[in-house]
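Chemist: I would like the atomic coordinates for the input below:
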Amino acid sequence: MAHLLININKLEAVASKLRAISHPMRIAIIDLLSQDSKLSVTEIYEKLKIEQATASHHLNILKNKGVLESRREGKKIFYSLKNITLTEIIECINRCNEE
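Modeler: Numbers count the residues shown, from 1 in each chain. You can find the predicted model right below:
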C-alpha cells in the first residue's frame, strides 16, 4: 500500500485561502467577480451597498491570500479572480445548502 505524502506547506496555503473566503462579504465579492471578469473598487462597493473602506479591507485580505489580483488603470484599481476554481468551490457549497 502506497503511503500518502502530505505536503504541510501546501495544506497550510489551502487552509489560508479557505479562511480568506470564509466571510460572507468576501464570498459576495468572489461571486461578483465570477460574473464580471474585472471590477473597480467603486463598482464592487456600490454593487454590494457597503462602505468603500469595508470593500477595500476585504479586497486586501483576498489579494494578500492570493485569491484576487489587482491592476491599476489610471487612477482606478481593478480586481479580478486569480483562479476560477474558488468559484467552483463556492458553487459546490451552495449546492450542498440546497438540500
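Chemist: use CA for all of it now, contacts and neighbours both
Modeler: OK.
Chemist: shaky segments in this protein?
Modeler: Counting by pLDDT under 70, the chain shows low-confidence ranges at 1-5, 99.
Chemist: that one: helices as residue ranges?
Modeler: In the chain, the segments counted as helices under DSSP state H are 8-20, 24-35, 41-48, 52-64, 85-97.
Chemist: adding distance to Lys76 and mean neighbour count, write these out as JSON lines.
Modeler: Supplementary listing: the helices of the chain in JSON lines, determined by distance: least, CA to CA, whole Å; neighbours: other CA atoms under 10 Å:
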{"stretch": "helix 8-20", "distance to Lys76": "24", "mean neighbour count": "13"}
{"stretch": "helix 24-35", "distance to Lys76": "16", "mean neighbour count": "17"}
{"stretch": "helix 41-48", "distance to Lys76": "8", "mean neighbour count": "16"}
{"stretch": "helix 52-64", "distance to Lys76": "13", "mean neighbour count": "16"}
{"stretch": "helix 85-97", "distance to Lys76": "25", "mean neighbour count": "12"}
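Chemist: closest one to Lys75 among the ones you listed?
Modeler: For the helices of the chain, the distance to Lys75 is smallest for helix 41-48, at 11.1 Å, taking CA to CA.
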